[in-house]
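Colleague: What follows is a predicted protein model with its sequence.
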Amino acid sequence: MNIVILDGHCANPGDLSWEPLREFGELTVYPRTSAKDVVSRIADADAVMTNKTVLNAAVLSQLPRLKYIGVLATGFNTVDIEAARKLGITVTNVPAYSTESVAQMVFAHILNITNRVGHYAAQNRAGRWSEGEDFCYADTPLTELAGKTLGVVGLGNIGIKVARIAMDFGMDVFAFTSKHLSDLPAGIQKTTMDGLLAASDILTLHCPLNDSTRNLINRDSIARMRPGAIIINTSRGPVVNEHDVAEALESGRLAAYGADVMSSEPPSADNPLLRQPNAYITPHIAWATREARTRLVRTAIDNLRAFAGGNPVNVVNL
């Protein structure tokens with residue numbers, strides 16, 4: 001089997017090992033691959049692994065040898081699933097490997113916004129506290145989470161984990177979800193999207209990107225939220241209309257926006273959110289703890305092993 005990894009750097013910048021894949025055949029690992037090089041690099045491949053490198057119908061039609069695509073992520077929108085199915089190419093993903101890490105990042109953003117730890121650390125490195133007259137100082141609002149309402153859009157593994165952490169902080173938790181009320185964990189209250197927008201002090205997004213969620217958060221939905229609300233996005237960048245969010249931050253309609261994802265990645269230098277002091281943007285790293293990446297690589301190898309053995313698992317295009 002000829003195996004090619006198209007963009008291995010982010011998942012494994014050198015601290016993990018792809019070597020177990022060599023038991024299945026010849027292995028070539030590229031740190032990253034531009035669109036113009038995709039076909040030439042995998043023209044002779046039997047199996048390909050990709051994270052963000054796009055494999056659309058036009059590309060797949062030029063790969064007669066290809067029988068397997070392993071997506072190095074949970075989301076698989078970079079692969080044309082229907083085209084792969086028609087061509088007899090098995091596509092797998094890696095579900096639930098980053099639940100703990102992404103939930104942790106959600107609260108890293110929330111706590112940074114409510115407690116401004118980074119701000120005060122920077123101020124004190126510059127001598128602010130040492131020069132003060134009092135034993136403490138506060139030049140930003142400080143917010144206690146207990147008693148506040150967290151709205152969760154999407155109750156998959158990550159959404160449920162975030163909800164449970166919020167309840168441990170003493171927050172009330174509402175959710176917009178397709179799950180039946182009887183299937184919700186204790187303490188989570190189901191509501192409509194309008195109900196969620198109206199109730200939430202903090203809104204956190206954990207939904208997939210599709211036609212119904214693209215631009216879900218926009219000028220109109222923000223207008224239905226509480227003035228001074230906070231939005232956290234660790235799902236997909238295009239779930240949010242970034243221009244509308246920047247406008248709401250500028251006007252004070254939103255207090256803050258914390259995001260680990262952007263509509264294009266890397267974002268363009270003129271993205272309006274990058275100019276907003278109350279927009280806190282991390283570079284799509286919620287999934288990238290060493291622990292989560294270890295699970296990702298291990299599962300990706302296990303997925304290929306199962307496919308090679310004739311019993312594929314985590315298949316997304318049955």
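Modeller: That came through, no problem.

Colleague: from here on, contacts and neighbour counts on C-alpha atoms
Modeller: Fine.

Colleague: got a list of contacts for the longest helix seen in the chain?
Modeller: For the chain, the helix reaching the highest residue count under DSSP state H is reported as helix 290-308. Outside helix 290-308, the residues that touch it by Cα atoms under 8 Å, 6 or more residues apart in numbering are 11-12, 16, 18, 20-21, 24, 70-73, 92-94, 97-98, 101, 287, 312-314.

Colleague: Among those, which lie within strands?
Modeller: Those of the contacts of helix 290-308 mapping onto strands are 70-71, 92, per DSSP state E.

Colleague: tell me the contacts of the residue nearest to His9 when sequence neighbours are not counted?
Modeller: Spatial nearest neighbour of His9, excluding adjacent residues (Cα to Cα, 6 or more residues apart in numbering): Pro31 at 4.4 Å. Shown in contact with Pro31 (Cα under 8 Å, 6+ apart): 6-10.

Colleague: so Pro31, which of the three states?
Modeller: coil (DSSP: H, G, I helix; E, B strand; the rest coil).

Colleague: if we can go back for a sec, from the ones in strands among the contacts of helix 290-308, which is closest to Asp244?
Modeller: Nearest to Asp244 among those is Val71, at 31.9 Å by Cα to Cα.

Colleague: Next one: the closest one from Asn241, what distance?
Modeller: Relative to Asn241, Val71 is positioned 27 Å away (Cα to Cα, to the nearest Å).

Colleague: Then Val117?
Modeller: Distance from Val117 to Asn241, by Cα to Cα: 28 Å.

Colleague: Which of these two has more residues huddled nearby?
Modeller: Shown here are Val117 and Asn241; by other Cα atoms under 10 Å, Asn241 has more neighbours (17 against 12).

Colleague: dump the residue contacts of Asp7.
Modeller: 29-33, 49-53.

Colleague: Which members of those are classed as buried?
Modeller: Among those, the ones that count as buried by 16 or more other Cα atoms under 10 Å are 32-33, 49-53.

Colleague: before we move on, the earlier item: can you say which of the contacts of helix 290-308 are buried?
Modeller: Using 16+ other Cα under 10 Å, the buried members of these are 11-12, 18, 21, 70-73, 92-94, 97-98, 101, 287, 312-314.

Colleague: circling back to that earlier point, what average pLDDT does the longest helix of the chain get?
Modeller: For helix 290-308, mean pLDDT is 98.

Colleague: Only C-alpha atoms, please: export that helix in PDB.
Modeller: Presented in PDB, the C-alpha positions along helix 290-308 are these (Å, rounded to 0.1, in the frame of the first residue of the first chain):
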ATOM      1  CA  ARG A 290      -0.200  17.000  22.900                       C
ATOM      2  CA  GLU A 291      -2.700  14.700  24.600                       C
ATOM      3  CA  ALA A 292      -5.400  15.300  22.000                       C
ATOM      4  CA  ARG A 293      -3.000  15.000  19.100                       C
ATOM      5  CA  THR A 294      -1.700  11.700  20.500                       C
ATOM      6  CA  ARG A 295      -5.300  10.400  20.400                       C
ATOM      7  CA  LEU A 296      -5.800  11.700  16.900                       C
ATOM      8  CA  VAL A 297      -2.700  10.100  15.500                       C
ATOM      9  CA  ARG A 298      -3.300   6.800  17.300                       C
ATOM     10  CA  THR A 299      -6.900   6.600  16.000                       C
ATOM     11  CA  ALA A 300      -5.900   7.600  12.500                       C
ATOM     12  CA  ILE A 301      -3.400   4.700  12.500                       C
ATOM     13  CA  ASP A 302      -6.100   2.300  13.900                       C
ATOM     14  CA  ASN A 303      -8.500   3.500  11.300                       C
ATOM     15  CA  LEU A 304      -6.100   2.500   8.500                       C
ATOM     16  CA  ARG A 305      -5.300  -0.800  10.200                       C
ATOM     17  CA  ALA A 306      -9.000  -1.600  10.300                       C
ATOM     18  CA  PHE A 307      -9.500  -0.700   6.700                       C
ATOM     19  CA  ALA A 308      -6.500  -2.800   5.600                       C
END
